[in-house]
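>>> the following comprises the amino acid sequence and a computationally predicted model.
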Amino acid sequence: MSTEATAEQFMDLIQRYMALRPRLIPPKDVLQFKEKMKSFKGSDYKTGDHEFVFRILILLSKNEEPLTMSELSSDLNVPMSTATRIVDGLVQGGMVERVNDPNDRRVVRVGMSKNGRKLYETGMAYSKQRITKLLENFSAEEQSQLVRLMNKLFDALINEK
């Protein structure tokens, strides 16, 4: 099969995935969080910002120290103003907290709050449970091959120029 034919099949798979999206319902805690974020009066939090929530929580969970706004902005690949606006909503929602840098008073860092940690752990547990159920019909060899191939695809995306 040619690479072009494979790309066409891959596009068909993406369309099938998008059609399934209504079935990919997040846990109640996540839905409640989204509603809470929308309800803040005076908040600049936008509906599309929720896509960044787990990305931010994942970034914060992978670092022992709270991140600076510059680090978050860079890691999210968004302008500083966008990162600040999203973090403002997350602070207001009790998911993250601003922390003063002990070495430089001008620097503000962002760390995960206890509520943020709970939301992150709930989301990760839910995702793991869903993936486990989806993989039940795959043999151990197929699962291993799927992970290997997805890593290869993601590496290609990361290295794309």
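Nice, thanks for sending it over.

>>> what about this structure, any weak spots by pLDDT?
For the chain, the stretches with pLDDT under 70 are 20-27, 29-50.

>>> which residues in it form strands?
67-68, 96-100, 108-112 (DSSP state E).

>>> wait, which of those strands is closest to residue 56?
Residue 56 lies closest to strand 96-100 among the strands of the chain, at 7.1 Å (C-beta to C-beta). Yep, even glycine has a C-beta here, placed from its N, CA and C like the rest.

>>> need the CA coordinates for the closest one. CSV is fine.
What follows is strand 96-100, C-alpha atoms only, in CSV (Å, rounded to 0.1, in the frame of the first residue of the first chain):
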residue,chain,number,x,y,z
VAL,A,96,-4.2,26.2,40.2
GLU,A,97,-2.6,28.8,42.5
ARG,A,98,-0.1,31.5,41.9
VAL,A,99,3.1,31.0,43.9
ASN,A,100,5.8,33.6,44.5
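
>>> so what does that strand touch, helix or strand wise?
Contacts defined by 3 or more C-beta pairs under 8 Å, 6 or more residues apart in numbering; DSSP states H and E place strand 96-100 against helix 80-92, strand 108-112.
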